[in-house]
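S.K.: I'll drop the sequence and a predicted model, then ask my questions.
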Amino acid sequence: VQSALLLPYFDEHDLVERYCREIMASRFVCRRALGTAFVLLVANTMFVAPVLITKPISDTFLASDEVPKTTNTRPNILLVFPDELRYDWGGLVNNPYYTPKDLPLQTPNFDNLARTGTRFTKAFVAAPVCAPSRACLASGREYDAAGQGENGASIAPSKDGDFDVEEIPTFYKVLQVSGYWTMITGRDDLTKRTGPGLNGTYHTAALGFSDQERCAGSVDVTWGECAGTDNGAEPCQGRFANESRTFPTVHEKYGAWLSTQTVDPSWQKRYPNVSNAFELDFARYAELTKRGPYDSIAWYAIPDYLPLTDDQYQDNWIGRQALTLLNRMPSHVRAGVDSRGGQSRVGGPVGATSAPWFLEVSFQAPHPPMDITASMGATVQHRAAFPVPYACNATVSSLCSTTNTQLTRRHYAAKIERVDWWLGQFTAQLERTGQLASTIICLASDHGEMLGDRTATAKSRPWQSASSVPVICSGPGIAANAVVSRPISSMDLAATFIDYANAVKPENMTSTSLRSLLQHSHGGKPSGHNVMTASKKGSAAVHTVDPHASGGDYSRQYVYSGLANFRSVIHYVNSTSIFKFFCCNRQCPGSTDADRAITESRHGARDEIHLFNMGDPSWDKSGRFEDASTDLVLQHLDLVAKYAALLPEADHKPSYGWLGCSLQGWTTNSSNSSFTGVAGLWSLQDGSQATIRVNASLDTTFPSVNHANAGPTMALYIHDAQHPDWDALEGGVTGKKLWFPFATHSNLSAVVDDTFENIRWSNGKTWVHLQD
């Protein structure tokens, strides 16, 4: 079976997986197809491989008799997909923390894409880490339904840690079945645990790709064999030593190509034991690992340069493969004409001139390590200062020092600018070949990067820096120079591409098409296809899209995101009320002392909860984002219960770790004991006195002052003519409502059964006895 013509088409994984299960036909079709294949193989006929590869099979991810909607002009689609590009570094940045002049980032092609298309300023990923986020995009499903719990870890213990091609269809497959020629290059991370394979063919057919140049992520290229060693140099090298070897085995395409490349003589002295660029790449990562663990400052503020040439730099390899894929498409695809006309069944013959194309270019940059070549470093070495990280605590991490901050951000910028350069190359190629006018180009990413914000690096956090990404699209029919401030999910691109392909969404795909927002012409104008040419420095008016005024059919009211121990929901009410709520089991990764203090003020609270209004104009202009001072959670406890109810319950699956959102300590309990009484005078710090009235339920859920004797809390209403400003804080209502802890002279647990005849109140500094 693995001889002759079949070898290039089927790798060493079994024939059933590669042909039958991946196509997901019925059992009868599988048996018939495999039986026929077996007979042909036994006969050893020379036309077996062409028959198996070119014969379309009906894809039952869609309804068995479903015929996709078709038109005569379906667009080509180019998705440029860098890894770890945060929302405020991606083309005409528009956010409360940076302004374009504050961010010395040179991205003329990103900017052109934004000027000639539509950009979304509040785009969130379904899961802020590589493989889960990409699984959500590929499947068009939310995190809890996409099957990928973590990098290399499936939700279901019975799965192998890769994307579940057996049970979950991809939008790539939907496009392919509808007649698209589908291509991908770079690190797709859909088989992150197993890897893409030496030829990039592992699960390629099942995922829905007609052609590919897949590779692993930068670290996995040479360290793929070191899974489970925490990228530790010593354990990995020790393993090789035990096997009488020094270097890992080539296991994917980019590494295979590197192994054929020579080492630049200028680096040979520093790395004398390497014989090719693949071994050099491994030696470099071993060097970084000895400086510090993965995602530490050693992988961010890198003072020297990557010892590979510009030609060997991974993203340049990925960019070249993208051009290769565009150039080697079948002639009827390169023609860019879709004249199928609608006569074909799903997956059936589509004619000689019927295939538009889809290409995803999945770059490695700007994912860490922040390792760049010397020539890339020269372009940013003398750049103006970059903004400092938000709430970066220099007493906790040296990453927050000015030197390390600027070094890290310069290298991050250089990696982004390399992707921007390649976008210019792709669009130039499309213009030369006459395909630009029929191509939609989108820019997005799998997650952001903390980049020192909150004294954190990497992603895997609910905060804006990690969970929000740029999404920009330009092309035929898409409004130009338009800005959409309504929150979206980046995985909505799946349904968007299916919509433009006039295909049918698979069952259980919750992705929502953005087409109505992209084509909205109120304020913006259709872009045509001028995204291509040289960068323009013009300052044309930016048009804000109002989805209500447009009457568009974008129906998503809630945007969800989550990973491991946290879940979040973003709720669009109107343009000035856009609430972001998130709940973290016990503690949020990346939270500051001020953030945690809010939860600590809730007696008995298990989970850390936050609420922000991203539509509040004052929030947009405050110079802060997701700051403890803008947190509304204590002011809107009603919304806490509402949004928590939208989150999934505890799943008890080890790869998840989600315990559900506990409202213990966050919501009132009307069944608690209550009493009313008047209590003498309250001694104020300024020496005056105020009459106080106690009128509240015994409640263990409202804030308690951080005091050694703090217990359950009650409401204290202060009536004081000497301090009218207290009344003003209540909007003119008589009496200021304050929350203080109370305790008895006995232990705290006896409070509930006490007669309340002897209660001590505290203002956080002094204690006063209240009688009756």
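M.R.: Sure thing, it's come through.
S.K.: for the stretch 401-550 of the chain, what are the low-confidence residue spans?
M.R.: 521-550 (pLDDT under 70).
S.K.: which residues in it form strands?
M.R.: Secondary structure of the stretch 401-550 of the chain by DSSP state E, counting those that start in this stretch: the strands cover 439-443, 468-474, 479-480, 482-484, 488-489, 525-526, 543-544.
S.K.: Check which helix or strand residue 325 maps to.
M.R.: Per DSSP states H and E: residue 325 is located in helix 314-327.
S.K.: oh sorry, the question was meant for residue 176
M.R.: helix 171-177.
S.K.: Just to be sure, residue 611 is in a strand?
M.R.: Yes: Residue 611 sits within a strand when classified using DSSP: H, G, I helix; E, B strand; the rest coil.
S.K.: what are the ranges of the helices in the stretch 351-500 of the chain?
M.R.: Counting by DSSP state H, counting those that start in this stretch, the stretch 351-500 of the chain has helices at residues 374-380, 402-432, 464-467, 492-500.
S.K.: Tell me the buried residues in the first one?
M.R.: Counting neighbours by 16 or more other C-beta atoms under 10 Å, one finds that the buried residues in helix 374-380 are 374, 376, 377, 380. Glycine gets a C-beta too; all of them are placed from N, C-alpha and C.
S.K.: Pretty sure residue 185 sits against residue 209.
M.R.: No: counting by C-beta atoms under 8 Å, residue 185 does not reach residue 209; the two are 9.8 Å apart.
S.K.: give me the number of residues near residue 251?
M.R.: Residues within reach of residue 251, counting by other C-beta atoms under 10 Å, total 18.
S.K.: In three-state terms, label it for me.
M.R.: coil.
S.K.: Tell me how far it lies from residue 456.
M.R.: The spacing between residue 251 and residue 456, counted by C-beta to C-beta, to the nearest Å, is 32 Å.
S.K.: re the thing from before, which stretch among the strands of the stretch 401-550 of the chain approaches residue 557 most closely?
M.R.: In terms of C-beta to C-beta, the element of the strands of the stretch 401-550 of the chain nearest to residue 557 is strand 488-489, at 11.5 Å.
S.K.: follow-up on the earlier one: distance to residue 579 added to the strands of the stretch 401-550 of the chain, as TSV?
M.R.: Output for the strands of the stretch 401-550 of the chain, formatted as TSV (distance: least, C-beta to C-beta, whole Å):
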stretch	distance to residue 579
strand 439-443	27
strand 468-474	15
strand 479-480	27
strand 482-484	18
strand 488-489	15
strand 525-526	32
strand 543-544	20
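S.K.: Pick the most deeply packed of the ones you listed.
M.R.: Across these, the average number of neighbours (mean count of other C-beta atoms under 10 Å) peaks for strand 468-474, which reaches a mean of 28.
S.K.: Please enumerate the strands of the stretch 201-350 of the chain.
M.R.: For the stretch 201-350 of the chain, applying DSSP E, counting those that start in this stretch gives strands covering 211-214.
S.K.: before we move on, back to that, CA-only coordinates of the helix holding residue 325, as CSV, when you get a sec.
M.R.: Output in CSV follows, covering the C-alpha atoms of helix 314-327 (Å, rounded to 0.1, in the frame of the first residue of the first chain):
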residue,chain,number,x,y,z
GLN,A,314,11.4,31.2,9.6
ASP,A,315,8.9,33.9,8.6
ASN,A,316,10.8,34.5,5.4
TRP,A,317,10.6,30.8,4.7
ILE,A,318,6.8,30.9,5.4
GLY,A,319,6.4,34.0,3.2
ARG,A,320,8.2,32.3,0.3
GLN,A,321,6.1,29.2,0.6
ALA,A,322,2.9,31.3,0.4
LEU,A,323,4.1,32.6,-3.0
THR,A,324,5.0,29.1,-4.0
LEU,A,325,1.4,27.9,-3.2
LEU,A,326,-0.1,30.8,-5.2
ASN,A,327,2.2,30.0,-8.2
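S.K.: other SSEs contacting it?
M.R.: With contacts taken as 3 or more C-beta pairs under 8 Å, 6 or more residues apart in numbering; DSSP states H and E, helix 314-327 sits against strand 181-186, strand 211-214, helix 253-258, strand 357-362, helix 402-432.
S.K.: Excluding its own residues, what touches the second one? List them.
M.R.: Read that as strand 211-214. Outside strand 211-214, the residues that touch it by C-beta atoms under 8 Å, 6 or more residues apart in numbering are 181-188, 196-197, 200-201, 204, 252-253, 318, 321-322, 324-325, 328-329.
S.K.: Equivalent analysis for the fourth one, please.
M.R.: Strand 357-362 has contacts (C-beta under 8 Å, 6+ apart) with 76-81, 83, 172, 175, 180-189, 318-319, 322, 325-326, 329, 333, 336, 422, 426, 497.
S.K.: what angle separates that strand from strand 439-443?
M.R.: Here strand 357-362 runs at an angle of 20 degrees relative to strand 439-443 (axes from the mean of the first three to the mean of the last three C-alpha atoms, to 10 degrees).
S.K.: Return the alpha-carbon coordinates of strand 357-362 using PDB.
M.R.: The C-alpha coordinates for strand 357-362 follow below in PDB (Å, rounded to 0.1, in the frame of the first residue of the first chain):
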ATOM      1  CA  TRP A 357      -9.000  29.800  -3.800                       C
ATOM      2  CA  PHE A 358      -8.400  30.300   0.000                       C
ATOM      3  CA  LEU A 359      -4.900  30.700   1.500                       C
ATOM      4  CA  GLU A 360      -4.000  31.100   5.100                       C
ATOM      5  CA  VAL A 361      -0.500  32.300   5.800                       C
ATOM      6  CA  SER A 362       0.200  31.500   9.400                       C
END
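S.K.: Identify each buried residue in that strand, please.
M.R.: By neighbour count on 16+ other C-beta under 10 Å, the buried set for strand 357-362 is 357, 358, 359, 360, 361, 362.
S.K.: Which single one of those residues is nearest to residue 127?
M.R.: Nearest to residue 127 among the buried residues of strand 357-362, counting by C-beta to C-beta, is residue 362 at 16.3 Å.
S.K.: Which strand residues bridge the closest one?
M.R.: Listed by DSSP bridges, the beta-bridge partners for residue 362 are residue 186.
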